[in-house]
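Asker: The sequence and its predicted three-dimensional model are supplied below.
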Amino acid sequence: MSIRGEVQEEEEEKSGQHHLRERVYRSFARALTLPSSVDPDKAEAEFKDGVLKLTLPKLEEAKTKRIAVKSAK
């Protein structure tokens, strides 16, 4: 799984006889190795308030199964 993005920042300062404007553009990329138990087709990503949230659901066959155990009296 890889994540790519771009950050754009612009700053402007006016003071007396000078005017300063700065623009910064930068890109980033990250590569992650997912466990084999993750379903990559259902993976989701959300970016909100500077936080990246990844939702990585498990494959159906990787989910644990619960088995009821009856005790003998």
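Answerer: Nice, thanks for sending it over. Residues are numbered from 1 along each chain as shown.

Asker: Walking through this protein, point out its strands one by one.
Answerer: Here the chain has its strands, by DSSP state E, at 2-15, 18-31, 44-48, 51-55.

Asker: How about the second one, which residues are buried there?
Answerer: Of the residues in strand 18-31, none count as buried by neighbour count, 16 or more other C-beta atoms under 10 Å. Every C-beta, even on glycine, is put in place using the N, C-alpha and C of the backbone.

Asker: Run the angle between that strand and strand 2-15 for me.
Answerer: 170 degrees (axes from the mean of the first three to the mean of the last three C-alpha atoms, to 10 degrees).

Asker: packing partners for strand 18-31?
Answerer: strand 2-15 (3 or more C-beta pairs under 8 Å, 6 or more residues apart in numbering; DSSP states H and E).

Asker: for the protein, which spans come out with low pLDDT?
Answerer: Where the chain drops to pLDDT under 70, the residues are 62.

Asker: if we look at stretch 35-54, which residues are touching it?
Answerer: For stretch 35-54, contacts defined as C-beta atoms under 8 Å, 6 or more residues apart in numbering pick out 1, 3, 5, 34, 55-60, 62.

Asker: Apply 6 Å and report the result again.
Answerer: Contacting residues not belonging to stretch 35-54 are listed as 55-59, 62 [C-beta atoms under 6 Å, 6 or more residues apart in numbering].

Asker: How about stretch 61-73?
Answerer: The contact list for stretch 61-73 (C-beta under 6 Å, 6+ apart) reads residue 37.

Asker: on that earlier part again, just the buried subset of the contacts of stretch 35-54, written out for PyMOL, thanks.
Answerer: To isolate the buried members of the contacts of stretch 35-54 in PyMOL, using 16+ other C-beta under 10 Å:
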select buried, resi 56
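
Asker: State the pair within the contacts of stretch 35-54 that is farthest apart.
Answerer: Distance extremes for these: the farthest pair is 55 and 62 at 15.4 Å, using C-beta to C-beta.

Asker: Kindly reformat the contacts of stretch 35-54 as JSON lines containing distance to residue 45.
Answerer: Below are the contacts of stretch 35-54 laid out as JSON lines (distance: C-beta to C-beta, whole Å):
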{"residue": "55", "distance to residue 45": "8"}
{"residue": "56", "distance to residue 45": "10"}
{"residue": "57", "distance to residue 45": "13"}
{"residue": "58", "distance to residue 45": "17"}
{"residue": "59", "distance to residue 45": "18"}
{"residue": "62", "distance to residue 45": "20"}
